[in-house]
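1. Here is my input; please provide its structure:
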Amino acid sequence: MTSVDIGSLVAEATSGLATRPPADGWAACASIWARVYVQAGPGWVKWPHLRTAADAAVTTALARATGSADPADEDLARLGAFDVEDDGSPEWQHVLDVTTMLLAALADDDLESTLHATVTTYLEGAFTMVANDHARAAGVPLRLPEAERALAADERWHRAVAFVRAL
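-> Residues are numbered from 1 along each chain as shown. Below is the predicted model:
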């Protein structure tokens, strides 16, 4: 497994959590949701209508994690109306990632599916953010092997992986 093999990293995280109580898996999801929600802060300022939808969805997702959720249809509909054009900003990526994670969390999937979607979205988003920074610095788009080499040496990627492994 390479340090940028997202599929292997997701399998490692989800299989480790599968041996623990379900509350640990939901807490892992909530940790990731909270981290990306906070990273999306500038996006909530730019697109307050999305923050309102995300706030309600986070509350419902946390209630679902504790087994006390009301139906999430309204939250799903509001989040599903994500309509912000990609402006290439980090906040856009974070808002998209937290929206994607929350949609999975509210879709009545089981814990394993929700955890898989959450960890995958988090790592893919981190990969995209760091690879885009390297591409901007190089002044050219990076091919996948170049991006993987750049990430393998980037502390931000290592922190994202360490965060997932610490769940």
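
2. Need the CA coordinates for the worst-scoring helix or strand of the chain on mean pLDDT. PDB is fine.
-> Across the helices and strands of the chain, the lowest-confidence element by mean pLDDT, DSSP states H and E is helix 73-80, at a mean of 72. These are the backbone C-alpha positions of helix 73-80, laid out as PDB (Å, rounded to 0.1, in the frame of the first residue of the first chain):
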ATOM      1  CA  ASP A  73     -36.100  13.900   3.900                       C
ATOM      2  CA  GLU A  74     -36.200  17.700   4.200                       C
ATOM      3  CA  ASP A  75     -32.400  17.800   5.000                       C
ATOM      4  CA  LEU A  76     -31.700  15.600   2.000                       C
ATOM      5  CA  ALA A  77     -33.700  17.800  -0.300                       C
ATOM      6  CA  ARG A  78     -32.000  21.000   0.900                       C
ATOM      7  CA  LEU A  79     -28.500  19.500   0.700                       C
ATOM      8  CA  GLY A  80     -29.300  17.900  -2.700                       C
END
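
3. Following element in sequence after that helix, please.
-> For helix 73-80, the following helix or strand on the C-terminal side (DSSP states H and E) is helix 90-106.

4. Please state the offset of that following helix from the chain centre?
-> From the chain centre to the centre of helix 90-106 is a distance of 6 Å (Cα atoms, centre = their mean, to the nearest Å).

5. Stretch 9-16 now?
-> 15 Å.

6. Going by neighbour count, list what's buried in that stretch.
-> Along stretch 9-16, these residues count as buried under the neighbour rule (16 or more other Cβ atoms under 10 Å): 9-10, 12-14. Where you see a C-beta, it was placed from the backbone N, CA and C, and this is true even at glycine.

7. now, which of these sits nearest Ala53?
-> Using Cβ to Cβ, Val10 is the member of the buried residues of stretch 9-16 that lies nearest Ala53, at 26.2 Å.
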